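> let me see the structure of the following:
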Amino acid sequence: MNAERPNVAWVPVPSLVGMTVPEARRVGHDSGVVVTSVNVDGPPLGALTWPGIWIVTAQRPVPGSHVERWSRVIIEFREVPGDDEADDREPEEP
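Down below sits the predicted model:
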């Protein structure tokens with residue numbers, strides 16, 4: 001924490017690794033940080049991770065460090081492989 005700026009709200013960075021990207025975004029928001037991809041000027045995180053299930057594999061700053069409220073926490077993520085055919089099927093009639 002920075003003693004030179006006593007009126008700044010500081011929050012601990014949550015541990016996001018292993019969560020799905022939507023879950024990490026919710027936890028980040030609830031903790032007072034903004035979860036983003038490395039390229040803030042690129043497509044939004046939601047667009048980068050749709051469709052599919054994407055898991056957070058790394059983050060910075062590290063969990064437990066303190067940052068100013070609403071600072072960025074940058075995540076890296078990968079898609080969980082799934083059954084591609086299951087997504088292409090039409091729903092069955094009952």
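
> tell me what the lengthiest helix in the chain is packed against?
With DSSP state H applied, the helix covering the greatest number of residues in the chain is identified as helix 21-31. Under the contact criterion of 3 or more CB pairs under 8 Å, 6 or more residues apart in numbering; DSSP states H and E, the helices and strands touching helix 21-31 comprise strand 34-36, strand 54-60, strand 72-79. C-beta here means a position set from N, CA and C on the backbone, and glycine is covered the same way.

> now those in JSON lines, with mean neighbour count, distance to residue 16 and mean pLDDT?
What follows is the helices and strands packed on helix 21-31, written out as JSON lines (neighbours: other CB atoms under 10 Å; distance: least, CB to CB, whole Å; pLDDT from 0 to 100):
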{"stretch": "strand 34-36", "mean neighbour count": "18", "distance to residue 16": "7", "mean pLDDT": "97"}
{"stretch": "strand 54-60", "mean neighbour count": "17", "distance to residue 16": "5", "mean pLDDT": "98"}
{"stretch": "strand 72-79", "mean neighbour count": "17", "distance to residue 16": "6", "mean pLDDT": "97"}
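
> same list, these, but as JSON lines with distance to residue 48 please.
Compiled in JSON lines, these are given as follows (distance: least, CB to CB, whole Å):
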{"stretch": "strand 34-36", "distance to residue 48": "10"}
{"stretch": "strand 54-60", "distance to residue 48": "8"}
{"stretch": "strand 72-79", "distance to residue 48": "8"}
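
> which one of these lies closest to residue 9?
Using CB to CB as the criterion, the shortest distance between residue 9 and the helices and strands packed on helix 21-31 is 13.8 Å, found for strand 34-36.

> show me what the closest one is packed against.
Applying 3+ CB pairs under 8 Å, 6+ apart, one finds that strand 34-36 contacts helix 21-31, strand 72-79.
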